[in-house]
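Participant: Next comes the sequence, and after it the predicted model I'd like to discuss.
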Amino acid sequence: MRAGRRSLALAATIVLLGVVVVGLAALTVVAFPLALTIELAVLALVAGVASRATKRRGRRRARDSAPLWVTRWESEPPVEAVPLTRRQLSVVLGEWGLTGEPHEDVLLVVTELLSNAVDHGRGPVRLTVELRSGSVRIEVHDTAPDAPRPQPLDPYAVRGRGLQMVEALSSQWGWSDGPIGKIVWADVPTA
């Protein structure tokens, strides 16, 4: 009789564990998309708070009403700022209707120019992204006066190809002296 009760208790324990495992698996399948949705909603909220979409002031021209996204750091941005900014800007570009290859090209150019400001520039740093007719203008302002220097193409180098990639993805790029430091800019085609 005791053996029967033990077997029954063991079977009930196994069934209970099975139900718990299946329940946890189902919860994971349901919770992961929910958590991802919540994360994207929070990211969109952070993108809206950490940046500002604004219209330029002054004389009214068609270009002045173009969507503009600006974010800034009062000191040198931390390394984590690059992927976070990329995710925030991805949401903004989607709101502007920019998808596909142009969307990815803009994100790559922003990543490279902002990474260069993190690695070689000095704070404060400001990133400005403006949707124009046929292109997206990207400007990174920092206080370092040194001009960006494309490195010679070396297929064995681990780093140093960022500005070549910016040149390949942009219709034009360059830099200019700013009030303090420099502005590195690129125009990425949207068509």
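Facilitator: Yep, that arrived.
Participant: what's the closest non-adjacent residue to residue 105?
Facilitator: Excluding its sequence neighbours, the residue lying closest to residue 105 (CB to CB, 6 or more residues apart in numbering) is residue 169, at 4.6 Å. Bear in mind the C-beta positions are built from the backbone N, C-alpha and C, glycine included.
Participant: my guess is the one you found meets residue 110, correct?
Facilitator: No - with contact defined as CB atoms under 8 Å, residue 169 does not reach residue 110; the gap is 10.5 Å.
Participant: These two: which has the busier surroundings?
Facilitator: Legend: neighbour count by other CB atoms under 10 Å for residue 169 and residue 110, higher for residue 110 (24 against 19).
Participant: quick one: the more buried one is in a strand?
Facilitator: No - looking at residue 110 with DSSP: H, G, I helix; E, B strand; the rest coil, it is helix, so not inside a strand.
Participant: how does the protein divide up, domain by domain?
Facilitator: 1-50, 53-189 (automatic domain parsing).
Participant: and the ones you listed, which one is worst for confidence?
Facilitator: Within those, confidence is poorest for domain 1-50, with a mean of 61 (mean pLDDT).
Participant: Looks to me like residue 131 is in a helix.
Facilitator: No - counting by three-state DSSP, residue 131 is not found in a helix; it is strand.
Participant: count of neighbours near it?
Facilitator: 19.
Participant: Same question for residue 138.
Facilitator: 24.
Participant: beta partners for it?
Facilitator: Using DSSP bridges, the bridge partners assigned to residue 138 are residue 129, residue 186.
Participant: what's the neighbour count on residue 78?
Facilitator: Residues within reach of residue 78, counting by other CB under 10 Å, total 10.
Participant: On the three-state scheme, it is what?
Facilitator: Going by three-state DSSP: residue 78 is coil.
Participant: OK, contacts around residue 149?
Facilitator: Going by CB atoms under 8 Å, 6 or more residues apart in numbering, residue 149 touches residue 163.
Participant: What segments of this structure are strands?
Facilitator: With DSSP state E as the criterion, the chain has strands at 52-54, 68-73, 125-132, 135-142, 172-177, 182-189.
Participant: Which stretch among those strands is buried most, on average?
Facilitator: Comparing the strands of the chain on average neighbours per residue, with mean count of other CB atoms under 10 Å, the densest one is strand 135-142 at a mean of 22.
Participant: For it, name the packing helices and strands.
Facilitator: Counting contacts by 3 or more CB pairs under 8 Å, 6 or more residues apart in numbering; DSSP states H and E, strand 135-142 packs against helix 100-120, strand 125-132, strand 182-189.
Participant: just the domains of the chain: most buried one?
Facilitator: Buried most deeply of those, by mean count of other CB under 10 Å, is domain 53-189, with a mean of 16.
Participant: how far away is the nearest residue to residue 181 once chain neighbours are set aside from residue 99?
Facilitator: Excluding the flanking residues, the one nearest residue 181 by CB to CB, 6+ apart is residue 143, at 3.7 Å. For residue 143, the distance to residue 99 (CB to CB, to the nearest Å) stands at 35 Å.
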